[in-house]
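Undergrad: my questions concern the predicted model and sequence given below.
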Amino acid sequence: MRKQTTIAQWITALPEDTGAIRVRVGSGRSLPVCAVFRLAGAKVSKGDHDPIECDDLDDLANQAELAAQDAGWPIEYTTARIHAYTLEGLEKRSKLFRHQPAPEVAGGISPEWGIIGRLVDGNLAMMAEARKSIDILTETLAHRETLTAEALEQALQSRQDAQDAEMQAYAQSLVVDERLAFEENDQAPGIGHEILGQVAQVLMAQAEGALPNAESLKDLVNARPDILDDLVNDDDLVGQVLGAYQARMNRENSPPAEPSPSPTPDLDHPVAPDASPE
């Protein structure tokens, strides 16, 4: 990387016959003269600025750089041109110094750091929005799970209610059918219902290995409604069930037996207790 040459360094590197320096500072092509410096005995052309006497070339170089800085280079103005003259007042050479100072933002922060700061702020804002979106999505999913569970529970309950209603209607139709059948056959009402109940209990006890209940009987009848037809067609089984039912009805309808009267004890001639055998 090429080393940047300062105004003072450029002037001190001039030949020994250098006698005067003219400093111009500005922007673009408009570079007004801000100062003129000369050594003792050097000739300079007249202008708006009176020449300032310097002791030697080093002093002339330092004075010229300070004059350019006082004129606003390189902070306010980006261009400075230095003209070197001989002791006889002839222009020997000149050099243009350009400098593009990094503009400062509020707080003395360079534009690069300002851009980085804006990028960081944008990322933080984007992350905050992402967190909000995730929270909203999580709440939506949780609400949907709750609604799904409630809908499933309601569907199961409705299905259970429908099955209960169907079983009740089916049981009622069975009761009505058996009543009509037995009334046509001049049999006591309720016998068919009792027979069906006894048979169903036996089937449930064999199927489950335990005593049946009303719910299990309903489930069996609802699952296999044709089983009752098969049982009624079995004459032996129907005869056994009817016999058992008739025996029970006889026991329930027979009058209770009157207790036999106990003998009245004769107080005048009490009966001696039986003697125990010797």
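TA: Ah, there it is.

Undergrad: can you map out the helices along the stretch 1-150 of the chain?
TA: 7-12, 57-70, 111-184 (DSSP state H, counting those that start in this stretch).

Undergrad: can I get these in JSON lines with mean neighbour count, distance to residue 49 and mean pLDDT?
TA: Heads up, the C-betas are built off the backbone N, CA and C, glycines and all. Shown next, in JSON lines, are those (neighbours: other CB atoms under 10 Å; distance: least, CB to CB, whole Å; pLDDT from 0 to 100):
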{"stretch": "helix 7-12", "mean neighbour count": "18", "distance to residue 49": "17", "mean pLDDT": "93"}
{"stretch": "helix 57-70", "mean neighbour count": "19", "distance to residue 49": "10", "mean pLDDT": "94"}
{"stretch": "helix 111-184", "mean neighbour count": "11", "distance to residue 49": "36", "mean pLDDT": "83"}
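
Undergrad: out of the ones you listed, nearest to residue 84?
TA: Nearest to residue 84, of all the helices of the stretch 1-150 of the chain, is helix 7-12, at 7.2 Å by CB to CB.

Undergrad: show me what the closest one is packed against.
TA: Judged by 3 or more CB pairs under 8 Å, 6 or more residues apart in numbering; DSSP states H and E, helix 7-12 is in contact with helix 57-70, strand 79-86.

Undergrad: what angle do the shortest one and helix 57-70 make?
TA: Counting by axes from the mean of the first three to the mean of the last three CA atoms, to 10 degrees, strand 79-86 lies at 150 degrees to helix 57-70.

Undergrad: now strand 79-86: average pLDDT?
TA: Average pLDDT, strand 79-86: 94.

Undergrad: so what strands line up beside that strand?
TA: strand 18-26 (antiparallel), strand 91-98 (antiparallel) (DSSP bridges).

Undergrad: put the alpha carbons of the last one into CSV.
TA: Extracted in CSV, the C-alpha atoms of strand 91-98 (Å, rounded to 0.1, in the frame of the first residue of the first chain):
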residue,chain,number,x,y,z
GLU,A,91,6.8,28.4,-10.5
LYS,A,92,8.8,25.2,-10.3
ARG,A,93,6.1,22.5,-9.6
SER,A,94,2.8,22.0,-7.8
LYS,A,95,1.0,19.1,-6.2
LEU,A,96,-2.7,18.4,-5.6
PHE,A,97,-3.7,16.9,-2.4
ARG,A,98,-7.2,15.2,-2.3
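
Undergrad: hmm, who's touching it?
TA: Under the criterion CB atoms under 8 Å, 6 or more residues apart in numbering, residues 7, 10, 14-15, 17-18, 68, 73-74, 78-86 lie in contact with strand 91-98.

Undergrad: what residues sit buried inside it?
TA: Neighbour-count burial for strand 91-98, counted by 16 or more other CB atoms under 10 Å, picks out residue 97.

Undergrad: ditto for stretch 16-30
TA: So, applying 16+ other CB under 10 Å, buried residues of stretch 16-30: 18, 19, 20, 21, 22, 23, 24, 25, 26.

Undergrad: any idea how far apart the tips of it sit?
TA: By CA to CA, to the nearest Å, the extent of stretch 16-30 from end to end equals 30 Å.

Undergrad: kindly report the same for stretch 6-19.
TA: End-to-end distance (CA to CA), stretch 6-19: 19 Å.

Undergrad: how close does residue 29 get to residue 79?
TA: According to CB to CB, to the nearest Å, residue 29 and residue 79 sit 9 Å apart.

Undergrad: and the buried residues of stretch 16-30 as a markdown table, adding distance to residue 90 and pLDDT?
TA: Rendered in a markdown table, the data for those read as follows (distance: CB to CB, whole Å; pLDDT from 0 to 100):
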| residue | distance to residue 90 | pLDDT |
| --- | --- | --- |
| 18 | 11 | 93 |
| 19 | 9 | 93 |
| 20 | 10 | 95 |
| 21 | 14 | 95 |
| 22 | 13 | 94 |
| 23 | 18 | 95 |
| 24 | 18 | 94 |
| 25 | 23 | 94 |
| 26 | 24 | 91 |
